[in-house]
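J.: for reference, the sequence and a predicted model appear below.
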Amino acid sequence: MSYYKILGLEREPFSTSPDPEFFYLSNEHKAALYRLRIAVKLKRGLSVILGDVGTGKTTLSRRLFQVLKQEEDILFYMLLNPVYTSEAEFLSYLLELFRPAPASSALTTIGYLKEIEKFLFQKTVEDRKTIVLLVDEAQKLSEPCIEILRTLLNYETNEYKILQLVLMSQMELLPRIRNQKNFWDRIALKYVINPLDVADTKEMISFRLQQAGYTSRYPLFKDEAIEEIYSFSQGYPRKITMLCHDCLEQLIMKKKEFVDKDLVSGLIEKERRLNVINI
């Protein structure tokens, strides 16, 4: 039997998969999501969301997709691992993503751009759709690929950009694009996601347990345990999630009723010893 069923839960509460249903919207994430929706609806063009590893960018992207897919006039496309060896490979993938029918023959860079431009104008101007392209892990984009995206952002009517581009990236992308003025100046929305504070950490743990079916009026994690989790994780959602998962496993193994500070401290000490060994 899965550990979560033993605890009276219906689902795994602390999976690290980017499930939008388990995405706790902190004030940081709410602000990012709200501003992204506005930028897309107003067709402002380029939005860049930055954050360290584990701050919830990928799950935020899934939540944005979940929200926007309900809009009939929005077509949403996503690149999850933007690693391409050449401009032609990148453009070929984009064209196939937008228009699944393969090109009749191999195209030049200009040929690919013309085909993509034709598709974007047809969908946005003639069919009155909004095209959203979200690139996750955008720090992996090569300089030629960034230049391709800059070119696509040049396509516009007198009123709006015909491609709504959202880049979700680790902080390392910032100095690269800041030095490219012709790209930097096109950014309509810049937002940095910061880690959670201790109150949000507590709310996140409670929210995920409720989403998993926890109904007891007694908290599964004591406040002292949550403070210890926050101190170790520094508010990074991924670290919180992984530590909480381990806590629940230990809760069952030690036949305890709730997660206390000692249980969390023991896990943290084991983690630190492992890190020392790996070094």
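T.: Looks like it came in fine.

J.: distance from the chain centre to stretch 90-109, please.
T.: Relative to its chain's centre, stretch 90-109 lies at 26 Å (C-alpha atoms, centre = their mean, to the nearest Å).

J.: first-to-last residue distance for that stretch?
T.: Stretch 90-109 has its terminal residues 10 Å apart, counting by C-alpha to C-alpha, to the nearest Å.

J.: pLDDT of it, averaged?
T.: Mean pLDDT, stretch 90-109: 82.

J.: contacting residues around the residue of the chain most remote from its centre?
T.: Going by C-alpha atoms, centre = their mean, the residue of the chain most distant from its centre is residue 255, 35.9 Å out. For residue 255, no contacting residues are found, by C-beta atoms under 8 Å, 6 or more residues apart in numbering. Quick note: C-beta positions are derived from backbone N, CA and C, even for glycine.

J.: now it: how far from residue 242?
T.: Distance, residue 255 to residue 242, by C-beta to C-beta, to the nearest Å: 23 Å.

J.: for this structure, what spans make up the strands?
T.: Using DSSP state E, the strands assigned to the chain run over residues 46-51, 74-79, 130-135, 164-169, 187-193.

J.: tell me the spacing between the residue most central in space within the chain and residue 17.
T.: Residue closest to the average C-alpha location in the chain (C-alpha atoms, centre = their mean): residue 58, at 1.8 Å. According to C-beta to C-beta, residue 58 and residue 17 sit 10 Å apart.

J.: same check on residue 137?
T.: Distance, residue 137 to residue 17, by C-beta to C-beta: 16 Å.

J.: so for these two, which residue has more residues nearby?
T.: Under the neighbour definition other C-beta atoms under 10 Å, residue 137 and residue 17 were set side by side, and residue 137 has more, 19 against 10.

J.: what's the closest non-adjacent residue to that one?
T.: Spatially, and ignoring its direct neighbours in sequence, residue 137 is nearest to residue 81 (6.0 Å; C-beta to C-beta, 6 or more residues apart in numbering).

J.: CSV please, covering the strands of the chain and showing distance to residue 261.
T.: Below are the strands of the chain laid out as CSV (distance: least, C-beta to C-beta, whole Å):
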stretch, distance to residue 261
strand 46-51, 29
strand 74-79, 41
strand 130-135, 40
strand 164-169, 35
strand 187-193, 28
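
J.: now those strands in JSON lines, with mean neighbour count?
T.: Formatted as JSON lines, these follow (neighbours: other C-beta atoms under 10 Å):
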{"stretch": "strand 46-51", "mean neighbour count": "24"}
{"stretch": "strand 74-79", "mean neighbour count": "18"}
{"stretch": "strand 130-135", "mean neighbour count": "22"}
{"stretch": "strand 164-169", "mean neighbour count": "25"}
{"stretch": "strand 187-193", "mean neighbour count": "17"}
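
J.: out of the ones you listed, nearest to residue 25?
T.: Ranking the strands of the chain by proximity to residue 25 (C-beta to C-beta) places strand 187-193 first, at 11.6 Å.

J.: just the CA coordinates of the closest one, formatted as CSV?
T.: Output of strand 187-193 as CSV, limited to C-alpha atoms (Å, rounded to 0.1, in the frame of the first residue of the first chain):
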residue,chain,number,x,y,z
ILE,A,187,10.5,42.8,-23.1
ALA,A,188,7.0,44.0,-22.1
LEU,A,189,7.0,42.1,-18.7
LYS,A,190,10.0,41.3,-16.6
TYR,A,191,9.3,39.4,-13.3
VAL,A,192,11.5,37.6,-10.8
ILE,A,193,10.0,34.8,-8.7
